[in-house]
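>>> coords below, sequence missing:
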């Protein structure tokens, strides 16, 4: 199981337990990224591919995601990637009723991934595994999910916003055709029906998705709940990955690939 799959699985299992904008009009000579125009997303697949293509031009970036629900469950996920040095580090936490249920840290250097998982009942678990960095890169730039988000919500142009001195194109959506495409963002196993849906994306001039936020009130397994999610891509070209101080412990307590060792908290 690759690193991305293990992260998603861990979050799904845990969750299962349960003004800086300045609007201005587009100029008539505005050049939009591929897949976009003043009115909205013209071609979801092209827009998603443009994001991947433009982001691949940079050696480093930070990806952040936050998910919360009316079930008092919250998940935070941050991954920092330094492709030039073949390093990445991920930190994922899941809380229920403000109590941390799990924290997973992952550090990859070249083709080796080190994991540290902390759970209240089991203590600290260390593990090592092998995964090529190129495979990891491919997982991070896979456009399947993004294409689904864009294709199944009616995003319309809403002017521009300015963030940290940079102009970003804004698109809003208030309805969704196929809510199942958003299950990864809500960390819900399924979405049966949708009562309300609001989403906003911010895209830079190169076509990189800098932010996606959405709120949804939906029925899942016969129960209605509110869910919110935010994705942000920041520090493009300036992200640094620092080797954590627990790597030597992970090496000493992981005798072979995919072998898990326990350090029970006192």
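Thanks, I have it. These numbers come from a predicted model, not from an experiment.

>>> make sure residue 77 is indeed in a strand.
Yes: assessed by DSSP: H, G, I helix; E, B strand; the rest coil, residue 77 belongs to a strand.

>>> so what's it bridging to?
residue 65, residue 92 (DSSP bridges).

>>> now do the same contact list for it.
7, 11, 63, 64, 65, 66, 90, 91, 92, 93 (CB atoms under 8 Å, 6 or more residues apart in numbering). No exception for glycine: its C-beta is placed from N, CA and C like everyone else's.

>>> where does confidence bottom out across the residues you listed?
Ranked by pLDDT, those bottom out at residue 11, which has 45.

>>> all helices for the stretch 151-266 of the chain, in order.
183-186, 247-253 (DSSP state H, counting those that start in this stretch).

>>> compare the mean pLDDT across these and name the weakest.
Among those, helix 183-186 carries the lowest mean pLDDT, at a mean of 62.

>>> now do residue 78 against residue 233, distance only.
Per CB to CB, to the nearest Å, residue 78 is found 11 Å from residue 233.

>>> what do you get for residue 95?
23 Å.

>>> got it, and residue 51?
Taking CB to CB, one finds residue 51 at 9 Å from residue 233.

>>> dump the residue contacts of the most centrally placed residue in the chain.
The C-alpha lying nearest the average C-alpha coordinate of the chain belongs to residue 65 (CA atoms, centre = their mean; 4.4 Å). Residue 65 makes contacts with 75, 76, 77, 78, 185, 229, 230, 231, 232, as judged by CB under 8 Å, 6+ apart.

>>> these: which two are farthest apart?
78 and 185 (15.7 Å; CB to CB).

>>> more crowded one of the two?
Taking other CB atoms under 10 Å, residue 78 and residue 185 do not tie; residue 185 has more neighbours (21 against 16).

>>> and the contacts of residue 77 as JSON lines, adding distance to residue 207?
As requested, the contacts of residue 77 are exported to JSON lines (distance: CB to CB, whole Å):
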{"residue": "7", "distance to residue 207": "26"}
{"residue": "11", "distance to residue 207": "28"}
{"residue": "63", "distance to residue 207": "16"}
{"residue": "64", "distance to residue 207": "19"}
{"residue": "65", "distance to residue 207": "20"}
{"residue": "66", "distance to residue 207": "23"}
{"residue": "90", "distance to residue 207": "25"}
{"residue": "91", "distance to residue 207": "27"}
{"residue": "92", "distance to residue 207": "27"}
{"residue": "93", "distance to residue 207": "31"}
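
>>> of those residues, which is the nearest to residue 196?
Minimum distance to residue 196 across the contacts of residue 77 is 19.4 Å, recorded for residue 66 (CB to CB).

>>> just the pLDDT for residue 187.
pLDDT, residue 187: 56.

>>> which element is residue 62 on?
strand 60-69 (DSSP states H and E).

>>> now do the buried residues in that strand.
Using 16 or more other CB atoms under 10 Å as the test for burial, strand 60-69 gives 60, 61, 62, 63, 64, 65, 67, 68, 69.

>>> turn these into JSON lines, including distance to residue 210.
Output for these, formatted as JSON lines (distance: CB to CB, whole Å):
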{"residue": "60", "distance to residue 210": "15"}
{"residue": "61", "distance to residue 210": "10"}
{"residue": "62", "distance to residue 210": "11"}
{"residue": "63", "distance to residue 210": "11"}
{"residue": "64", "distance to residue 210": "11"}
{"residue": "65", "distance to residue 210": "13"}
{"residue": "67", "distance to residue 210": "18"}
{"residue": "68", "distance to residue 210": "21"}
{"residue": "69", "distance to residue 210": "24"}
